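[1] For reference, the sequence and a predicted model appear below.
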Amino acid sequence: MTTIRSLYRTLFSEYGHQGWWPLYNKKTGKIEYHQNDYSLPKNKEQSFEIGVGAILTQNTSWKNVEKALLNLYENNLLQRDIIMDVSEKKLAGLIRPVGYFNQKAKKLKIFANFKDEINRENLLNLWGIGKETADSILCYAHNKKIFVVDAYTQRIFTRLGFKDSEYDEIQQLVMDELLDIKELNEFHALLVELGKNTCKKEPLCGQCCLKKVCAYGQGASP
DNA sequence: TCCCAGGGGCCGA
DNA sequence: TCGGCCCATGGG
């Protein structure tokens, strides 16, 4: 069985810096990644934007999230105070491309109205925020030392041969070995890259940088 | 025209 | 506690 650090090194040498979290750039008018820049978010506005993105991306690809975020920007709606006041119907109309737009509009309103201390327990008490979304917000919007586990991560860890692929167990396993917030930030993004393009539902083991250490790549069942 | 997908809430067993 | 269903779009 390989170590978490070894996986991290292999993935990083394969894919390099991922530059998460993608954010809107006012100069270019595009959603951009930030390779080699771990100093995000720069301000409260960016922090809120990351929270919005974390909700919009639930069970949805980033391409669709980008469309919705641009819609919000163009309508001057990517600000906490404005989302608090705008109607759910208008919000839903602008975020249509992400799917589940009625539910997500409701989630955004609840998130915008949330003013308590940002911690995991408080976030998990919000309707529409589960473990992955809460941990994404803590890690990427508030620089908290926490690892985000998503469906890609669970699939990859199962195939690698880790016995327990439950959320909490994977999170603890990773956080026992990776102690640096930058590494936790990067490792999640690297796993997304692997899961999205290679360790897909039908995996492309032939082109996988982890095939030598992967149980599935060696012929085990998924 | 189907089928699939990075989440979360809710309900019944 | 867990499985099944619902929410909905866009892309292959």
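    Sure, I can see it. Numbers count the residues shown, from 1 in each chain, chains lettered A, B, ... in the order given.

[2] what's the span of stretch A:120-138, first residue to last?
    By C-alpha to C-alpha, to the nearest Å, the extent of stretch A:120-138 from end to end equals 7 Å.

[3] Contacts (any at all) between DNA strand B and it?
    Yes: Stretch A:120-138 lies within reach of DNA strand B by C-beta under 7 Å from any atom of the strand, at A:Leu126, A:Trp127, A:Gly128, A:Ile129, A:Gly130, A:Lys131, A:Glu132, A:Thr133, A:Ala134. The way it works is simple: take the backbone N, C-alpha and C, and place the C-beta from them, glycine included.

[4] what's stretch A:160-167 in contact with?
    Outside of stretch A:160-167, the residues within contact range by C-beta atoms under 8 Å, 6 or more residues apart in numbering are A:1-2, A:7, A:131-132, A:149, A:154, A:157-158, A:170, A:173, A:210, A:213-216, A:220.

[5] distance of A:Ile4 from A:Val213?
    12 Å (C-beta to C-beta, to the nearest Å).

[6] Name the residues of chain A found near DNA strand C, please.
    Counting by C-beta under 7 Å from any atom of the strand, chain A comes close to DNA strand C at A:Asn59, A:Thr60, A:Lys63, A:Asn64, A:Lys67, A:Arg96, A:Pro97, A:Gly99, A:Tyr100, A:Phe101, A:Asn102, A:Gln103.

[7] Any quick ChimeraX command for the buried ones out of the contacts of stretch A:160-167?
    Buried subset of the contacts of stretch A:160-167, written as a ChimeraX selection, criterion 16 or more other C-beta atoms under 10 Å:
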select /A:7,131,132,149,154,157,158,170,173,210,213,214,216
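
[8] among the contacts of stretch A:160-167, which are in helices?
    Per DSSP state H, helices hold the following members of these: A:Leu7, A:Lys131, A:Glu132, A:Gln154, A:Phe157, A:Thr158, A:Ile170, A:Leu173.

[9] what's the burial count for the nearest residue to A:Ile82 once chain neighbours are set aside?
    Using C-beta to C-beta, 6 or more residues apart in numbering and skipping the chain neighbours, the partner closest in space to A:Ile82 is A:Asn76 (6.7 Å). Residues contacting A:Asn76 under the criterion other C-beta atoms under 10 Å number 9.

[10] Then A:Glu166?
    A:Glu166 is surrounded by 11 other residues when neighbours are defined as other C-beta under 10 Å.

[11] What of A:Leu72?
    Counted with other C-beta under 10 Å, residues neighbouring A:Leu72 total 23.

[12] quick one, what contacts the residue nearest in space to the middle of chain A?
    By C-alpha atoms, centre = their mean, chain A has its centre lying nearest to A:Ser136, at 5.3 Å. Taking C-beta under 8 Å, 6+ apart, we find A:Ser136 in contact with A:Trp21, A:Ile50, A:Ala54, A:Val148.

[13] Try it again at 6 Å.
    By C-beta atoms under 6 Å, 6 or more residues apart in numbering, the residues touching A:Ser136 are A:Ala54, A:Val148.

[14] what does A:Tyr140 give?
    Contacts of A:Tyr140 by C-beta under 6 Å, 6+ apart are A:Trp21, A:Ile50.

[15] returning to what we had before: report the next helix or strand after the helix or strand hosting the residue nearest to the centre of chain A in sequence order.
    If you go by DSSP states H and E, A:Ser136 is part of helix A:131-136. Counting by DSSP H and E, the element after helix A:131-136 in chain order, helix or strand, is helix A:142.
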